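Chemist: No letters, just coordinates:
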């Protein structure tokens, strides 16, 4: 009897496996490979996981490879995304992992907007100091304070690296926890080629993303009214308290040339906002959220242009081809 029961159990197990395998067919509407970073946040040591979801691709732009013909030869990677029709209109090296420079700060902002109190008072500490030559900063000193709301405005408009460090180091759980949550949020969005090891985007080993992943991050942020309000400003003026109790006033201009009106927007379109990025390794980078005359939304991203003229000329081409 015991042998019979064991045989029946084996048969039932085999039938169950067969049933499950038959369910994992090509009918799954969206399947992607996910990089799960180790404790050292290294892409090279990442293990591969799979997530299959019937609903994951809903409301996301699907890449069918049927791109509109464009001449974007001088920028290394680019993508154009029709948010309303959920389609990729153009792609070039969209999935290649690259350093995204300060576009990284979009994910920093996403975490801060999702988990932090805008009225939280942040304190600048030694751990927040940025020593890299040429890095964009507002030159905060140890003991200076900002609210989270002020920090987000400065982060997104002026791209201050010291403020990015201030946000991460004042996070509940500290800097390491902030970076962990950044990568967790990226994975939750399906950003399978993203691994961030800092909150600012200054060049560092294993810090990488790609055009498509950056679209996913900005697409999520575009649903946040606070974010849209911040990035649509052409400038920001605020005052903060220094360590000695004195008040310092900042008058900052957006780094986005479309937003600060240094660059004319292609006719018939409105730039809502986005994020710039520049390092020697990344070149000139830009991702924008914009709308056409009928209020139809798009996202366009360019990574690794050789100079600003090239970057904005190629972005003009992307925007103008949205019709």
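Modeler: Now that the structure is in, tell me what you want to look at. Just so it is clear, the model here is predicted, and its values are computed rather than measured.

Chemist: The stretch 101-250 of the chain: strands as residue ranges?
Modeler: In the stretch 101-250 of the chain, the strands defined using DSSP state E, counting those that start in this stretch lie at 121-123, 145-147, 235-241, 247-253.

Chemist: Present those strands as TSV; the columns should include distance to residue 184.
Modeler: Placement of C-beta: from N, CA and C, glycine included. TSV is the format used below for the strands of the stretch 101-250 of the chain (distance: least, CB to CB, whole Å):
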stretch	distance to residue 184
strand 121-123	22
strand 145-147	25
strand 235-241	29
strand 247-253	30
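
Chemist: just checking, which of these sits deepest inside the structure?
Modeler: strand 145-147 (a mean of 19; mean count of other CB atoms under 10 Å).

Chemist: quick one: the spatially closest residue to residue 120 that is not a sequence neighbour and residue 231, what's the gap?
Modeler: Closest residue to residue 120 apart from its sequence neighbours, by CB to CB, 6 or more residues apart in numbering: residue 148 at 4.5 Å. The gap separating residue 148 from residue 231 is 16 Å, by CB to CB, to the nearest Å.

Chemist: that older thread, now do the same contact list for the residue nearest to residue 120.
Modeler: For residue 148, the contact set (CB atoms under 8 Å, 6 or more residues apart in numbering) comprises 112, 116, 117, 118, 119, 120, 122, 167.

Chemist: Return the closest of those residues with respect to residue 153.
Modeler: Residue 153 has its nearest neighbour among these in residue 118, at 10.3 Å by CB to CB.

Chemist: returning to that earlier point: which pLDDT does the model give the residue nearest to residue 120?
Modeler: At residue 148, the pLDDT value in this model is 98.

Chemist: Just give the number of residues close to residue 144.
Modeler: Using other CB atoms under 10 Å, residue 144 has 21 neighbouring residues.

Chemist: What distance do you get for it to residue 125?
Modeler: Separation of residue 144 from residue 125 (CB to CB): 10 Å.

Chemist: Name the residues of stretch 208-216 that come out as buried.
Modeler: 208, 209, 210, 211, 212, 213, 214, 215, 216 (16 or more other CB atoms under 10 Å).

Chemist: And for stretch 72-89?
Modeler: For stretch 72-89, burial by neighbour count (16+ other CB under 10 Å) applies to 72, 75, 76, 77, 78, 79, 80, 81, 82, 83, 88, 89.

Chemist: That one: end-to-end distance?
Modeler: End-to-end span of stretch 72-89 (CA to CA, to the nearest Å): 13 Å.

Chemist: swap in stretch 212-228?
Modeler: By CA to CA, one end of stretch 212-228 lies 20 Å from the other end.

Chemist: residues making contact with it?
Modeler: With CB under 8 Å, 6+ apart as the test, stretch 212-228 has contacts from 60-61, 63, 79, 81, 83, 91, 94-95, 100, 103, 106-107, 109-110, 113, 118, 152, 156, 186, 189-194, 272-275, 287, 289, 297, 299, 301, 303.

Chemist: mean confidence for it?
Modeler: 98.

Chemist: I'd like the distance from it to the chain centre, please.
Modeler: When distances are taken as CA atoms, centre = their mean, to the nearest Å, stretch 212-228 is centred 8 Å away from the chain's centroid.

Chemist: Same check on stretch 104-120?
Modeler: Offset of stretch 104-120 from its chain centre (CA atoms, centre = their mean): 12 Å.

Chemist: can you give me the helices for the protein?
Modeler: Taking DSSP state H as the criterion, the chain carries its helices at 2-23, 105-115, 148-158, 161-169, 174-189, 211-221, 225-231, 308-320.

Chemist: Contacts only, for residue 164.
Modeler: For residue 164, the contact set (CB under 8 Å, 6+ apart) comprises 105, 108, 155, 198, 199, 200, 201.
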